[in-house]
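A.B. asks: What would the 3D arrangement of this be:
(2 chains)
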Number of protein chains: 2
Amino acid sequence: MSLAQEMFAIAPAMGKANLSASQLKLLSGKARWIYRVGEAGFPTVPTIVLTRAAWEALQNERTRKDIRLRTHWVACLFKLVGKDGTPPPLVVRTSAATHNGGLMPAKLGIGAPAHAEDSVDPNRPLAKSIKQAFDSYGFGQGWTARPHEDRGKQIVLIQAQVEGKIEQFLTRNGTTGALGPAPLDGAPLPKLPESAVALVALVDAKAGRHMCCAVAIRHGELQFLSARPFQASPAADLEAAVDRVNRKVWSPQNAVSRVDPTRLAQLLHPRLKSTQGAIPIAKGLGVSPGAASGMIVFNPEDAARLRARGKHCILVVNETGPSDIDGMKAATGILTARGGMSSHAGVVARITGKPCVAGVRTLSVDASEMVCWIGEREFRSGDLLTIDGSDGAVYVGTLPLAQPHIGGAIRTLLDWSDASRTIAVRTNAESIESATTALSFGAEGIGLARSEHMFFSPERMVALRRMILSENEDDRSQAVNGLVDYQTGDYSALFSTMQGRPVTVRLFDPPLHEFLPRTDDDIEETAASLGLAVRALRLRLDRIAEVNPMLGHRGVRLAITYPEILSMQMQAIMAGVRAASETQDEPVAVEVMVPFVSTASEVAFVRERLNTIAANSGLLRTERVKLSFGTMIELPRACLRAGDIAQMVDFFSFGTNDLTQTTFGISRDDAPTFLAAYQRKGIYERDPFVTIDEKGVGELIAIAIARGRAANPRLKIGICGEHAGDPASLQFFSGLGVDYVSCSPYRVPVARLTLAQTSA
Amino acid sequence: MSLAQEMFAIAPAMGKANLSASQLKLLSGKARWIYRVGEAGFPTVPTIVLTRAAWEALQNERTRKDIRLRTHWVACLFKLVGKDGTPPPLVVRTSAATHNGGLMPAKLGIGAPAHAEDSVDPNRPLAKSIKQAFDSYGFGQGWTARPHEDRGKQIVLIQAQVEGKIEQFLTRNGTTGALGPAPLDGAPLPKLPESAVALVALVDAKAGRHMCCAVAIRHGELQFLSARPFQASPAADLEAAVDRVNRKVWSPQNAVSRVDPTRLAQLLHPRLKSTQGAIPIAKGLGVSPGAASGMIVFNPEDAARLRARGKHCILVVNETGPSDIDGMKAATGILTARGGMSSHAGVVARITGKPCVAGVRTLSVDASEMVCWIGEREFRSGDLLTIDGSDGAVYVGTLPLAQPHIGGAIRTLLDWSDASRTIAVRTNAESIESATTALSFGAEGIGLARSEHMFFSPERMVALRRMILSENEDDRSQAVNGLVDYQTGDYSALFSTMQGRPVTVRLFDPPLHEFLPRTDDDIEETAASLGLAVRALRLRLDRIAEVNPMLGHRGVRLAITYPEILSMQMQAIMAGVRAASETQDEPVAVEVMVPFVSTASEVAFVRERLNTIAANSGLLRTERVKLSFGTMIELPRACLRAGDIAQMVDFFSFGTNDLTQTTFGISRDDAPTFLAAYQRKGIYERDPFVTIDEKGVGELIAIAIARGRAANPRLKIGICGEHAGDPASLQFFSGLGVDYVSCSPYRVPVARLTLAQTSA
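C.D. replies: Numbers count the residues shown, from 1 in each chain, chains lettered A, B, ... in the order given. The predicted structure follows:
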């Protein structure tokens, strides 16, 4: 392209611009909008464009006494002259691709140059302003953010100065997404000419996002000046996307591909209306999204009392355990000093949809004194706090909250998304409430029912503790048998709720001691209920205590050391199938999954016992059940030995939380002490517990899938870790060819949308 | 081979046997010895051999009225007739390859058959005995242990019955290994003819191991009957091997290849003389080999008191921590209720060479009441116990112990072994005592000096605690500076001890809380020494507590979050180099190693800081130091990203303990609760913490070596986990092409011998 072609009208006062492809590429920032609106035939401020390279050539030409470029330049300037032939006053402004604080503000009222020489003389007003405009680009972040762009391609706009009143308005309402003109910043909308409606429709269709338009109004006529992107709320974006489809601007596939799944997630929980002016007093880990405000409580009783009075409260504890369940359910939000994403607090909070900030290192709690400190500041029961479980911020007092706005648009978009999605989306749920929520969000099955969570209630806890603390097989069998009925009822209800959709039951997998009494009161009570001396109970508890419970006596290891627990669970599952199948036409699709395996021999041991119980149930010969057997793949060794393991199972389900913990050697509960420093010092680009580590954990998953499918081509592959609700991770999983993912109920819409985008 | 060839004399009464190669292959059990001794020209009982196939053919021939085989058979029997032409009474006996309780005892005094028909008629004495002999083989374990062997090839011996007194003796002394004849079972040796000396030399040379010979003595003449292997003590085996080289029976290489490294290990610690009649009252994990007897003590004070009086004691605790170090040093042995191989107790016990049994689940200790229970049995301070740290057995009372017998033979053998060994053997040591012991055992350097172990003393612990508990960088820097002098002295002494041999210093790697006070007294004392309120200290301790310390804030994570600790260590190392280099001619070869890395970015962070300090020391420009930088590879992700990491380091050292823990997802400390069941139920063939898991952990190591060497061809590779002292694991590592291994001092001889065997 010759330099003469780098100075041209994008909106001539008369006629069309007729740009070449190379010229189109030069249009950045507002230049693009001026050109596009003008080309569409809408009255637009006359504008010409000049690149830095062309400008410098014009200057060089002066020293050579050459005038060819200058002649072209003057011809360009003439394109700003309207029908009446009078050269208008000029405006010079920058047109950067991204906003940059150092840019020169527009220079108005520049007289049109009297001579051709004036038009390039840097001592004369026009050329002086152009020079200042180019100089203001500098080497700042605005341009260096696009390093591929040649500095010589930077552009400056020269416009005819408009007359009349300048107004700004949005193409769509910033909160509802309805097509505008809509007011900016809550200011009332001025009276606008009719043609404004056509303008916003035009700009909205071209931009496909909220834009802020600037126009000049004179004698009731509207002239377009420029437009810039406007960041609307996630809800408004979503409504706008659906509206564009309804107006046939977009196809449904366009809408699906253009909504950001991360922003969709923000719609599904209450959130802070604004944090302007509010300074967090502490930062922890946002482990369950959403915001909550309320009074500080330190125990379940207070939480229940406040809830009964219709008051919100934040449960503040050092860390939570099973005995805090009732308090967590009663509280509006949870704040803990210790623990991370996979801490008890985090898991329960996400299941119950409670906002939770965990691992606030500056928090210390003295529950017995009903007092806590955040840093040096002291808080007592009843003081007000606000927490933001999305970013881990903690605020003093109450901040205004926005409740989730789930209109018809979200459902419409997700329905469209299902058309292009090929990977199934299930949910992690074991309670009827969670399962029902997930179904309403479009879950296609349960990919992870954590059977041990079914014991998180006081009466069942007693039965479970009796089982764990039995010191011989007879006692244990007796205790175990007492649990079959509870579990049967749970499974039956869950299967019925899911109406034939697949339900993956993970066999018992807690670190045992998580179910054991901890406080003195609790120990005394448990001792009494077991008929044991307190001292004897303490000795047993001491024996069971583990140094690293995450790597301890859990998962399949429990099934192998305590096969009676395994048998109890399988009997309860089959009894649950029988009960559910009597009330529905569809067969019950149950997938039994063994956790924490590292060798094929463990799988063989469990499979043999499960098969025997399933066969004895008599149900396999009927049409009432579709039973399959699989393993969690959540240890590096299981990934490497996937070929052996795959020959014995129908499916793999990757537990990416544990796999990340073991691959990195990081306890997620303990990571907050150093993860912050790691991110600050640039050691990790991203938190591997939020977005899957493709190069390490991801390679292990890829190895496991390749070896597993090679050994068993019919192997079904799922993902059931927290990462299954993270858009970036879902993209990676989609590339690995998984069959399904399973995430927490509130993440189901995010997964549906993301996987539709990756499949398209 | 025709069936006629499956009946033949192996020691004819006259002349030589002249066997074909196929016939030689048929000789199992005592038949081999009869043949070999007879062929060597030594008077030997006349013997013929018959296979089961030949025997069955002889029987079949009877029904066909054929006599060809029978004619051959009778000819064989005639080979038992001596010069005088009189057929001797016969003996029929089995000759199985391995001993089997169900075999028929020898039948003596069978009259020679009068007719050819009698020799095959199962109603006549000879054939009847032969049939009984074959029948007695059955399908028992003796033969099924060699499933490749054709049942038809089972053999029976028919011998001339000898006259005279039958005597048995060993080829070599069962305890000292001196060439015999030597008494069997401590019984006095009978008077033997001169020729017995030639016989034992002959059999010893042929067998290359201790044998028990049976002979008949008549008129002062000795006739060889048979020989069988005899299991001598490890010391006797070793002395015998060296003696065979001295007698030119073996080459030194033969001796090196034929001594079992596992048995060598048993020579290097005190051990139980015999466990006959003693029944263990409990079984734990043998985490530090050797046996110890003594009085039970529950605290360091009592241990020190007894030691001062020259009495042995066993320290019995629930688990040990840094405050128990003095007690552990004073005690003769250690017994714990909790913990495994890598527990504090295990690590310290192996370093100090103390026998230790850990993780005895039936043990509970009430230290305050000075009482413990093993199962239902109560023990008080002063009661006597014996522990066997090799197999984890615990006995009541004292059992006789054998002190390690390290004669010249072990040194001779190891010197020979060095000739064929290509992989270097270093040791894991940080104290001067351990380093000196290891040098005396032939260590060629230190492959793992755990810098945090240098703080295991009360005064240093105070300084260290101050550093850990500092709440801001200034306090911490001050505390850290106080530690430089301690460390400088330690390093200087260690470098001087090693006299220019390489010393690999692992940067600080403990879970921080392992160094923190735990008991109330300890907390009060620490609070006082830090000038803190007890309550404030408790709050800090609560904050530092970790759920899974093994996966917590340790290794390189400490270096990144507390760079001042990193700087302190490197300054101390360089100061130690300076001090040591002033007293020796050789340059100090120090290799600084960063533990627990999972990403190359961590390595880059540490390397930059270390390089700066090293450069500032001015030592790099001199000939006084050879400095290199490397990483532990002990996490699955480090193995996968070995290519990235290798570009930044001079060496990798695999920490197979942690790598096994993370690959399997098993906490070694907590594993005893289920590992026993796993081995009992056949889930694991071998304990992966004892012998490297080749298929899982081994694949990760192989991947890391391949990727590491591809990215950095000069990369040096070492192994420094416990597995580096295990013969089976060493064989595997040898196949991977590692450059060196590093094991505990007492394992150095085992590694030297094993690696000589694998290199040969």
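
A.B. asks: show me what contacts A:Gly482?
C.D. replies: A:463, A:466 (Cβ atoms under 8 Å, 6 or more residues apart in numbering or on different chains). From N, CA and C alone the C-beta is placed, and that goes for glycine too.

A.B. asks: give me the low-pLDDT residue ranges for the stretch 301-450 of chain A?
C.D. replies: Per-residue confidence for the stretch 301-450 of chain A (pLDDT under 70) gives these ranges: A:308, A:342, A:351, A:403-407.

A.B. asks: For it, what lies in contact range of chain B?
C.D. replies: A:318, A:337-339, A:343, A:361, A:364 (Cβ under 8 Å from any Cβ of the partner chain).

A.B. asks: Cross those residues against helices and list the overlap.
C.D. replies: Counting by DSSP state H, those place none of their members in helices.

A.B. asks: Of these, which is the nearest to B:Val357?
C.D. replies: Among those, A:Arg338 lies closest to B:Val357 (Cβ to Cβ), at 34.3 Å.

A.B. asks: quick one: the closest one and A:Ala358 touch, right?
C.D. replies: Yes: using Cβ atoms under 8 Å, A:Arg338 makes contact with A:Ala358 at a distance of 7.4 Å.

A.B. asks: For these two, indicate the residue with more neighbours.
C.D. replies: The neighbour comparison of A:Arg338 against A:Ala358 (other Cβ atoms under 10 Å in any protein chain shown) goes to A:Ala358, with 30 against 26.

A.B. asks: quick one, what contacts the more buried one?
C.D. replies: Neighbours of A:Ala358 in contact, by Cβ under 8 Å, 6+ apart: A:284-285, A:287, A:334-336, A:338-341, A:343, A:345-346, A:672.

A.B. asks: can you check A:Arg338 too?
C.D. replies: A:318-319, A:358-359, A:669, B:543, B:545, B:547.

A.B. asks: Disregarding residues adjacent in the polypeptide, which is nearest to A:Gly174?
C.D. replies: Excluding the flanking residues, the one nearest A:Gly174 by Cβ to Cβ, 6 or more residues apart in numbering or on different chains is A:Ala232, at 4.7 Å.

A.B. asks: likewise A:Arg380?
C.D. replies: Counting by Cβ to Cβ, 6+ apart, the residue nearest A:Arg380 is A:Val371, at 5.5 Å.

A.B. asks: Read off the pLDDT value for A:Ile565.
C.D. replies: The model reports A:Ile565 with a pLDDT of 87.

A.B. asks: what's the neighbour count on it?
C.D. replies: Count around A:Ile565 with other Cβ under 10 Å applied: 21.

A.B. asks: Repeat that for A:Arg709.
C.D. replies: Residue crowding around A:Arg709 was assessed by other Cβ under 10 Å; the count is 17.

A.B. asks: Just the pLDDT for it.
C.D. replies: pLDDT, A:Arg709: 98.

A.B. asks: do the one 3 residues further on as well
C.D. replies: Predicted confidence (pLDDT) at A:Asn712: the value is 98.

A.B. asks: surely it meets A:Ala646?
C.D. replies: Yes: under the criterion of Cβ under 8 Å, A:Asn712 makes contact with A:Ala646 at 4.0 Å.

A.B. asks: which of those two has more neighbours?
C.D. replies: A:Ala646 (28 against 19).

A.B. asks: do you know how far the nearest residue to A:Thr656 once chain neighbours are set aside is from chain B?
C.D. replies: Excluding the flanking residues, the one nearest A:Thr656 by Cβ to Cβ, 6+ apart is A:Gly721, at 3.0 Å. Taking Cβ to the nearest Cβ, to the nearest Å as the measure, A:Gly721 falls 14 Å from chain B.

A.B. asks: circling back: and which of the residues of the stretch 301-450 of chain A next to chain B is nearest chain B?
C.D. replies: A:Ser364 (4.9 Å; Cβ to the nearest Cβ).

A.B. asks: residues contacting that closest one?
C.D. replies: Taking Cβ under 8 Å, 6+ apart as the test, what A:Ser364 contacts is A:318, A:337, A:372-373, B:539, B:542-543.

A.B. asks: Now tabulate these in CSV and tack on distance to A:Glu61.
C.D. replies: CSV is the format used below for the contacts of A:Ser364 (distance: Cβ to Cβ, whole Å):
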residue, distance to A:Glu61
A:Asn318, 75
A:Ala337, 71
A:Cys372, 74
A:Trp373, 72
B:Leu539, 75
B:Asp542, 76
B:Arg543, 71
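
A.B. asks: Just name the closest of these to A:Arg307, please.
C.D. replies: For the contacts of A:Ser364, the nearest to A:Arg307 is A:Cys372 (20.0 Å; Cβ to Cβ).

A.B. asks: give me the number of residues near the nearest residue to the closest one once chain neighbours are set aside?
C.D. replies: Spatial nearest neighbour of A:Cys372, chain neighbours left out: A:Val365 (4.4 Å); criterion: Cβ to Cβ, 6+ apart. Neighbourhood size, A:Val365 [other Cβ under 10 Å]: 25.

A.B. asks: quick one: A:Val365 and B:Pro549, what's the gap?
C.D. replies: 22 Å (Cβ to Cβ, to the nearest Å).

A.B. asks: Repeat that for A:Ser431.
C.D. replies: 33 Å.

A.B. asks: Same check on A:Gly359?
C.D. replies: Relative to B:Pro549, and taking Cβ to Cβ, A:Gly359 is found at 16 Å.

A.B. asks: my read: A:His219 touches A:Lys165, true?
C.D. replies: No: here A:His219 does not reach A:Lys165: they are 10.6 Å apart, not a contact under Cβ under 8 Å.

A.B. asks: Comparing these two, which shows the higher neighbour count?
C.D. replies: A:Lys165 (10 against 7).

A.B. asks: OK, contacts around that one?
C.D. replies: A:190, A:216-218 are the contacts of A:Lys165 under Cβ under 8 Å, 6+ apart.
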